[in-house]
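# Test case, fold it:
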Amino acid sequence: MNFIRNYFQKRTNNFLVNQDYEFAKQLNQAIDELASSGKSKYGQLIHIEGIFLDITDRTQAHPRVPFATEDRSGKFANLVKEFGFGNRKIIWKPSELFNVENYMAESWFPAGLEMYTQEFNELTVAKELYCEREISFLEYFFKRLDTYDICEMPTFLKYYEGVDLEKYKKKIRRITANFPYINARNEEI
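Next comes the predicted model:
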């Protein structure tokens with residue numbers, strides 16, 4: 001029975017990883033559109049990046065970031081719905097419902113991480129540096145992955161079992177290689 005459970009868990013994990021790649025591509029497009037509009041603001045960029053950080057956090061400790069969804073179109077749309085997979089896609093647009101100050105003040109980590117004092121402090125510093133735009137959200141994202149792996153956060157381990165984290169990070173880097181990075185002074189770097 002464990003073999004079957006492990007097999008399906010690994011398939012689920014591979015599905016989630018592939019979904020993360022698709023989210024990274026969508027995020028890349030959303031950031032490009034925001035940057036090309038010439039109207040991008042600090043809070044808007046944080047909001048769009050926050051959606052990615054929220055939906056890719058397997059511990060579900062990251063604060064919920066509001067985003068809208070819409071029906072996915074296509075010839076298999078109804079079939080996909082009937083099989084119970086849902087057929088929604090994220091609308092990667094800033095929302096008035098997002099408050100950047102409240103978001104940054106919230107706790108971003110699972111409670112169990114506090115038992116690992118050094119790692120907790122390092123991730124807290126990474127969060128602060130990200131919030132101050134001293135590091136990119138990808139640097140924060142990779143630090144979070146590494147920290148959760150080192151500290152063996154249970155839900156993280158469950159949903160990344162069988163996943164080569166280095167290969168995963170390399171592909172995310174490749175997908176997001178052209179991200180414009182805007183610091184806290186709204187300067188593109």
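
# Contacts made by whatever helix or strand residue 166 lives in with the rest, please.
For residue 166, the enclosing helix or strand under DSSP states H and E is helix 165-175. By Cβ atoms under 8 Å, 6 or more residues apart in numbering, the list of residues contacting helix 165-175 from outside reads 17, 20-21, 24-25, 28, 138, 141-142, 145-146, 149, 160. Where C-beta positions appear, they are placed from N, C-alpha and C, glycine not excepted.

# can we see that at 10 Å?
Identification of contacts with helix 165-175 by Cβ atoms under 10 Å, 6 or more residues apart in numbering yields 17-18, 20-25, 27-28, 52, 56, 138, 141-142, 145-146, 148-149, 160, 164.

# again, but for stretch 95-108
Contacting residues not belonging to stretch 95-108 are listed as 41-48, 50-51, 53-54, 57, 59, 61-68, 113-114, 123-124, 126-128, 130-132, 140, 144 [Cβ under 10 Å, 6+ apart].

# Report the buried members of those.
Buried subset of those (neighbour count, 16 or more other Cβ atoms under 10 Å): 44-48, 50-51, 53-54, 57, 59, 61-62, 65, 67, 113, 123, 126-127, 130-131, 140, 144.
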